[in-house]
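> Model the structure of this input:
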Amino acid sequence: MKKKLTITLGVVLLLLSPILYIIYALTMTGPMPDDEFQKQLPTIVSNLETKIEGDGEEALVMIHGYPDSLELWDKQAEYFKKDYTVARFTLPGFELNDSGERPSYSIKQIRMITDEFIKRLNKDKVTVLAHDWGAVYAFKYLEQNDLVDRVVLFDIGSFGKEERPAINVKYTFALAVAWNLPESLGEKLALYTAGSILNITDVDPNKTVDDLRPDPRMTYPYYHLWNAVLTKSIGKSAEVEEYATPFLFLYGKDKKVWFHAKTWEQQVVELGKGQVDSLPGGHWFMQSSPDLVNQKVEAWLTQGQTEKVANLENTEAL
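Here you go, the predicted model:
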């Protein structure tokens, strides 16, 4: 009897071991300690893959997301560099050429890296353009801040008080797991996530699985997201009423998987906290409709400058 119980327990533990390992990996491991990170921050930023073009008085800082690199913004950089300083960097670990390193910075730490990158530009006026995870990182600039004057968010908004759609929960968790697996298995899971869980054409009809980079070294943002969720340490997002920075939210309308709630969109407009517009294309619409995107962003930037001048003239008149 005792032998049978031992065998049964052994089989149960064997079957549960992958699940137990994943739970352990997602809750018991963490990013670099903050004190060590602070010491290394100058070196981390100096070692970023960057590209700075143009010499305009105002800087446009472009931040990409998963699974991209600074090349995501090539069409926007080419267009805007004639009038602005266009500054881009690739998120650590997202470089096209794999150095073999596996950085794993938390959401808070990536935001600190972005802050330091912006400070080093030495520009009085900065507008941030951010897509996907870049938009998640840039969300903090919607609150009162001393670094960024305006924000353009691409396709990633907020669900506010609404529950996240089941598909969003599934794919983010799968990619978090991919980070914790051996590289070959992690790559297979990342491909499976794009092809079978998300069905990438539901996210963007202009993309296929072959267009995506499945390298699991880029999935650490999802790991840190779920680490924060499971350890109940996730920070509280600002309410729309607390937004203090002018911003434009652009999203692709030709997709079945959404990354914001209509209620949030409506609240932003009703409270006059930002401008919202939809464009043809899916999640990567800045690549499939670059001319239209560039014109929309330019019109918004110009409108903002005109309003500033008008307000200044009215103030002086008083």
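> what are the ranges of the helices in the stretch 201-318 of the chain?
220-230, 262-270, 285-288, 290-317 (DSSP state H, counting those that start in this stretch).
> Format the ones you listed as a markdown table; extra columns: mean neighbour count and distance to residue 76.
In short, each C-beta sits where N, CA and C put it, glycine included. Shown next, in a markdown table, are the helices of the stretch 201-318 of the chain (neighbours: other Cβ atoms under 10 Å; distance: least, Cβ to Cβ, whole Å):
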| stretch | mean neighbour count | distance to residue 76 |
| --- | --- | --- |
| helix 220-230 | 22 | 22 |
| helix 262-270 | 15 | 23 |
| helix 285-288 | 23 | 6 |
| helix 290-317 | 13 | 6 |
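> In TSV, list the ones you listed along with distance to residue 48.
TSV is the format used below for the helices of the stretch 201-318 of the chain (distance: least, Cβ to Cβ, whole Å):
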stretch	distance to residue 48
helix 220-230	16
helix 262-270	31
helix 285-288	21
helix 290-317	24
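> of all these, which lies closest to residue 46?
Closest approach to residue 46 among these (Cβ to Cβ): helix 220-230, 20.6 Å.
> pLDDT weak spots in the chain?
Applying pLDDT under 70 to the chain picks out residues 1-30, 304-318.
> let's see it at 80
Low-confidence segments of the chain (pLDDT under 80): 1-32, 304-318.
> Just give me the residue right at the centre of it.
residue 133 (1.0 Å; Cα atoms, centre = their mean).
> Does that one touch residue 65 like I think?
Yes: assessed by Cβ atoms under 8 Å, residue 133 is found in contact with residue 65 at 3.5 Å.
> what is in contact with those two at once?
Here residue 133 and residue 65 have 91, 156 as joint contacts, going by Cβ atoms under 8 Å, 6 or more residues apart in numbering.
> Chain neighbours aside, what residue packs nearest to residue 242?
residue 143 (5.9 Å; Cβ to Cβ, 6 or more residues apart in numbering).
> Please report phi then psi for residue 214.
phi -90, psi 10 (degrees, to the nearest 10).
> Count the neighbours of the closest residue to it other than its chain neighbours for me.
Nearest residue to residue 214 in three dimensions, chain neighbours excluded: residue 190, at 4.2 Å (Cβ to Cβ, 6+ apart). Residues within reach of residue 190, counting by other Cβ atoms under 10 Å, total 28.
> was I right about residue 190 contacting residue 179?
No: Residue 190 lies out of contact with residue 179 (Cβ under 8 Å); the separation is 9.3 Å.
> overlap in contacts of those two?
216, 219.
> could you pull out the helices for the stretch 51-200 of the chain?
Going by DSSP H, counting those that start in this stretch, the stretch 51-200 of the chain shows helices at 74-80, 107-121, 133-138, 166-180, 183-192, 200-203.
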